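Asker: Sequence and predicted model, in that order:
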Amino acid sequence: MTPGIEVDNVSFAYPGCRQKSLSSVCISLPASQCTGLIGPNGAGKSTLLSILSGLLKANQGTVSFADSEEQSNDTFIQHNVALVPQEYAFYEQLTTLQNLQYFASLCTKTKLDARQMVNEVLTQCQLEDEKGRQARFLSGGYKRRLNLAIALLKKPEILYLDEPTVGVDPVSRETILTLINTLKEQGKTIVFTSHMLHEVQSICDQIVMLNEGRALQISYTNKSKLLDVEVSSKLAPKFTEKLNNMTKCKFSDELSFQCEIESDQQLFDIFGLMAESECLVHNVHYGPESLTHQYMTMLENSDSTKY
Amino acid sequence: MIQQSIKKEFILVSRDLHSLAVLFILPVVFMLLMTYAMSEKKANVLKSIDIHVNQHESSKNQTLFLNYLSRLGYQLNSPRSKADASLHFNADFQENLFSANSDTMLVVDFNSRTSLQIQSLIQQHLQLAFARLKLHLYLIETGDIDDTTSIEQQMDMVIKQSDTSHLIESSTTQQKLPVTAYSVPAWLIFGVFFIVLPISVTLINEQQSGTLMRLKTFPINLPVYFLLKLSAFFCISLLQLLILALVGLRVIPIFVDLSPIPFEQLWHILLVGIFISLSAVSFAAIIAAAINTFEQAVVLGGGINIIVAALSGFMVPLDVMPQNLQNIAEYSPMYWSAELIKVSMFELPTENNLTNIIYLCLFSIFSLVISILLFSRKIRKLQWN
């Protein structure tokens, strides 16, 4: 995996604020992949995106771009990086087309190029039908699409999306997520923040979790699966001991347990042990570990799992 | 990019009713109202002044005095509560008229709502009526007035004798300016300088929506972006000035029975308008770059404009203001601008034009430099909401 962006020991505190918004964050964001940035409100996600897009300067640490060659970060960012902010950062009184024409004029040299680029993003974001409508009269979904379309006018190699699907209907959400997937397939490096964990899980190749300014975990989704078992009679101490030797297990009470399964063989072995121990199984659930579960666990253990 | 920037600002202003009202409706209403208010002829003003007369007993001389006052146009014998002034004749009015001592013969009691200007006018006319009364009695005494003629004929003769206006010739070589010369340039400039509100509003909108922040990620230098914005507003300001000048030259005179000013003057106005709009936009740029909220725009932008307009003699004529305030006006860009418009509108001597244009240019350069510094500072401090 080629690293696209290297964040090395980055710390940041807003002026006049004693508490750091980011504290010694070290992450590597692979090129041509989608990285999900998750965490509770105030965790530092938007601050990290602002630093990655050059809007804020880190108090400490560095951000380097793999393809920047000899360009300064600022020059590289201006030409290769686009940010889709949470806010509707466009002109509400202009129509969709006028907005795109204006922003296109900032990143192209000729009128022809601008026109071509505008047409491309209108199609890409499925905004053709709304191009004559003033932005203030667009629905929330179309506003989000316009917000994204403006960023795409730069033809960026790296795209940061700050909660791009907040407050949109399912159709627009699907359009936006499909578009992000398409961009990923085209080889763009994407960093995506969202509170919709199922969305993050469905489109991201890796996930970084932020909490209180620290990057708590970098994990690859869908890697491990969980086995949840409920039994009708108390678990024997011998059984629990053997189970613990086989895999990482958690026992909520004497009638249930949860195991992390890394291979099919491991699963068969556990079922074998259960048969051997004559466990009376009441309920079994087996599947990928949900990001929500990981997220909640990480939050609970945040103090002990700082990276 | 330049074309798109200008187009964008024109559309934003044209779709914002508040901006349109501030740029066009407000100044036109001001020009119209002030011109109409100032167009009231002196005779009409006097007819609207009511005087209450408080007489214990009416003597012949008191009646004659009041007749002279009435001839000036005053409405006498109004009820005291409605009158602008009340006259109280002393009992010894008749006897003391020609006496050497300076005892008071008449007391004037002004209503609290009567303005200082009207009080001054009434006092001047009371003295005139006294002078005519004394002349009347003197001419009867000397036999120059035939006392067998009617009192009206006698008064006509006294008024004719005491009218000295034909003895004075106005030595000024300048044309007599119409009433629009005192209202249109001032309120036109007042409106032009109010471009501070649309500039501030668009900039605050960009700041609050995150558009300004987003522009930081685009390949454009933001101070250049700011200058492009100001260029667009310069064009808007010039268009505004032209429209207001057209209204002031051609429409407003019709409302006050004056002939419209010829179109040729528009070219002169457009020429000086370049310097006026430049100074108005650069002055507005300082305020727009310094503020962060709509409230600040209204209070600072509107407030400063009103204060500068007052100091420039737009609300109270400069020549009735104290000398130190008159001196301040000479350093006001609004005053320089209004003088330029007045000279261009009414073809007055242009000896001060160059000085005023130089002042406006220097002021514009200074303001632009300050505004760019303030804007750069604002950009550095910009954060997501």
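Answerer: Received it, and whenever you're ready, just let me know what you need.

Asker: Could you break the chain into its assigned domains?
Answerer: Answering for chain A, as no chain was given. For chain A, the structural domains run A:3-219, A:225-288, going by automatic domain parsing.

Asker: hmm, I had chain B in mind actually
Answerer: With domains defined by automatic domain parsing, chain B comprises B:2-39+B:179-381, B:42-164.

Asker: Mean neighbour count and distance to chain A added to those domains, as TSV?
Answerer: Using the backbone N, CA and C atoms, a C-beta is placed for each residue, glycine as well. Compiled in TSV, the domains of chain B are given as follows (neighbours: other C-beta atoms under 10 Å in any protein chain shown; distance: least, C-beta to the nearest C-beta, whole Å):
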stretch	mean neighbour count	distance to chain A
domain B:2-39+B:179-381	19	4
domain B:42-164	14	46
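
Asker: nearest to A:Ala82, of those?
Answerer: domain B:2-39+B:179-381 (6.6 Å; C-beta to C-beta).

Asker: And stretch A:254-272, what's buried?
Answerer: A:257-259, A:261, A:266-267, A:269-270 (16 or more other C-beta atoms under 10 Å in any protein chain shown).

Asker: what sits against the spatially most central residue of chain A?
Answerer: By C-alpha atoms, centre = their mean, chain A has its centre lying nearest to A:Gly36, at 1.5 Å. Neighbour list for A:Gly36: A:192-194, A:200-201, A:203-204, A:206-208 [criterion: C-beta atoms under 8 Å, 6 or more residues apart in numbering or on different chains].

Asker: cool, and B:His88?
Answerer: Applying C-beta under 8 Å, 6+ apart, the residues near B:His88 are B:54, B:106-109.

Asker: Please repeat the previous calculation with a cut-off of 7 Å.
Answerer: For B:His88, the contact set (C-beta atoms under 7 Å, 6 or more residues apart in numbering or on different chains) comprises B:54, B:106-107, B:109.

Asker: For B:Gly73, state which of those residues is nearest.
Answerer: B:Leu106 (18.9 Å).

Asker: can you give me the strands in the chain?
Answerer: Because you didn't say which chain, this covers chain A. Assigned by DSSP state E, the strands in chain A fall at A:3-12, A:22-30, A:34-38, A:60-65, A:81-84, A:158-162, A:189-193, A:206-211, A:214-219, A:225-231, A:249-253, A:256-261, A:281-288.

Asker: switch to chain B, that's the one I care about
Answerer: Under DSSP E, chain B gives strands at B:50-54, B:75-76, B:85-89, B:106-110.

Asker: So what touches the second one?
Answerer: Contact with strand B:75-76 is made by B:47, B:49-51, B:53, B:66, B:69-70, as judged by C-beta under 7 Å, 6+ apart.

Asker: Show me the beta-bridge partners of A:Thr193.
Answerer: Beta-bridge pairing of A:Thr193 under DSSP bridges involves A:Leu37, A:Asp162.

Asker: Quick check: residues of the stretch 1-150 of chain A near chain B?
Answerer: A:46, A:50, A:53-55, A:77-79, A:81-83, A:85, A:87-91, A:93-94, A:98, A:101-102, A:105-107 (C-beta under 7 Å from any C-beta of the partner chain).

Asker: Run through the stretch 151-300 of chain B and note the low-pLDDT ranges.
Answerer: Applying pLDDT under 70 to the stretch 151-300 of chain B flags residues B:170-177, B:179, B:256-257, B:260-263.

Asker: mind listing what's buried in stretch A:154-168?
Answerer: Those would be A:154, A:156-165, A:168, for stretch A:154-168 by 16+ other C-beta under 10 Å.

Asker: quick one: A:Glu199 and A:Ala89, what's the gap?
Answerer: Between A:Glu199 and A:Ala89 the distance is 21 Å, computed by C-beta to C-beta, to the nearest Å.

Asker: What residue in the stretch 151-300 of chain A comes nearest to chain B?
Answerer: Across the stretch 151-300 of chain A, the shortest distance to chain B (C-beta to the nearest C-beta) belongs to A:Lys154, at 7.1 Å.

Asker: Columns distance to B:Gln383 and pLDDT on top of the buried residues of stretch A:154-168, output as TSV?
Answerer: Below are these laid out as TSV (distance: C-beta to C-beta, whole Å; pLDDT from 0 to 100):
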residue	distance to B:Gln383	pLDDT
A:Lys154	22	88
A:Pro156	22	88
A:Glu157	26	87
A:Ile158	21	90
A:Leu159	21	91
A:Tyr160	16	91
A:Leu161	19	90
A:Asp162	14	88
A:Glu163	17	87
A:Pro164	20	86
A:Thr165	23	85
A:Val168	25	83
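
Asker: any weak-confidence spans in chain A?
Answerer: Using pLDDT under 70, chain A drops low at A:1-3, A:68-69, A:217-224, A:289-294, A:296-307.

Asker: Now do the same contact list for A:Leu255.
Answerer: A:230-231, A:234.

Asker: that older thread, residues contacting the closest residue to the residue of the stretch 151-300 of chain A closest to chain B other than its chain neighbours?
Answerer: The shortest distance from A:Lys154 to any non-neighbouring residue, by C-beta to C-beta, 6 or more residues apart in numbering or on different chains, is to A:Ala82 (4.6 Å). By C-beta under 7 Å, 6+ apart, the contact list for A:Ala82 reads A:151-152, A:154, A:156, A:159, B:217.
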